[in-house]
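Q: next come a sequence and a model predicted from it.
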Amino acid sequence: MNRISLLLGAFALLSPLMNAADSKTESLVLGGGCFWCTDAAYKLLDGVEHVTCGYAGGDEANPTYEQVCAHATGHAEVIKIEFDPAVVSLDRLLEYFWHVHNPTQVGGQGNDMGPQYRSIILYANAAQKAAAEASRAAAAKVFRDPITTEIVPLKKFWPAEDYHQDYFAKNPNQGYCSFVIAPKVKKLEHMLEAEKK
C-alpha cells in the first residue's frame, strides 16, 4: 500500500470524528407545560437546531406517555433543545423560558394540570446550574407571584413516542394546537419581531 492510499484511508477514518468536532451544538433540557407547546415555542428561536419532546425528572426507565400522564413515573414532559451557542446563548434560551409559560403556576400549566406539566430546568453541568439559578433570580424580580420552577440535575432524558415529535407542525388544525398552541406561537412571534426592531 503506498503512502497516498494510507493517507486517504486515515482521512476516511478521521472524517466522522472531524465532523463531530466541527459540530458545536450544545443541549438544554427544560419543561414548561405540554411539550407540544414548548417544542413549537423554541423552534421560533434562531440558533435552535433541533428540539426533541421527551420525559425527565423522574426515576422510571423507558417511561411511556400513558405512565407519565398517570403520574406513575415522577417525570415531567420536557424538551431537549439542541442549539448553536455561536448563534443563541444559554442565557438567551433561559431568558426566553420565562416568556414561554407561566412559571408561577402550581400543579400544571394553564388547563393542563398534573405534575408532568410542572415548570422545570434540568441542568447537565455546573455552568448550566449556575445560569439557570441566575436566570430564575432575575425573573423573580419581574413576576408578582413566586416562581415555582424546579432546577434539578438531569439524570436521563427519555425521548417521547414518535407521534409527539413536531406535533404542532404536523397537526396545526388539531383542536389543542389551534386553540392553545397557535395563539401562544403568534404572541411569541410578535415578541421576537419587536425585539429585532
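A: Alright, I've got the coordinates.

Q: and Tyr96, what helix or strand is that in?
A: In this assignment (DSSP states H and E), Tyr96 forms part of helix 90-100.

Q: could you say what helices and strands that helix packs with?
A: Applying 3 or more C-beta pairs under 8 Å, 6 or more residues apart in numbering; DSSP states H and E, we find helix 90-100 packed against strand 26-32, helix 35-42, helix 126-140, helix 182-196. All C-beta spots, glycine's among them, are computed from the backbone N, C-alpha and C.

Q: out of the ones you listed, deepest packed?
A: Neighbour counts averaged per stretch over the helices and strands packed on helix 90-100 are highest for helix 35-42, at a mean of 25; criterion: mean count of other C-beta atoms under 10 Å.

Q: off-centre distance for that one?
A: Between the centre of helix 35-42 and the centre of its chain there are 8 Å (C-alpha atoms, centre = their mean, to the nearest Å).

Q: follow-up on the earlier one: any chance of the helices and strands packed on helix 90-100 in a markdown table, plus mean pLDDT?
A: What follows is these, written out as a markdown table (pLDDT from 0 to 100):
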| stretch | mean pLDDT |
| --- | --- |
| strand 26-32 | 97 |
| helix 35-42 | 97 |
| helix 126-140 | 97 |
| helix 182-196 | 91 |
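
Q: quick one: which of the ones you listed is nearest Lys170?
A: helix 35-42 (10.1 Å; C-beta to C-beta).
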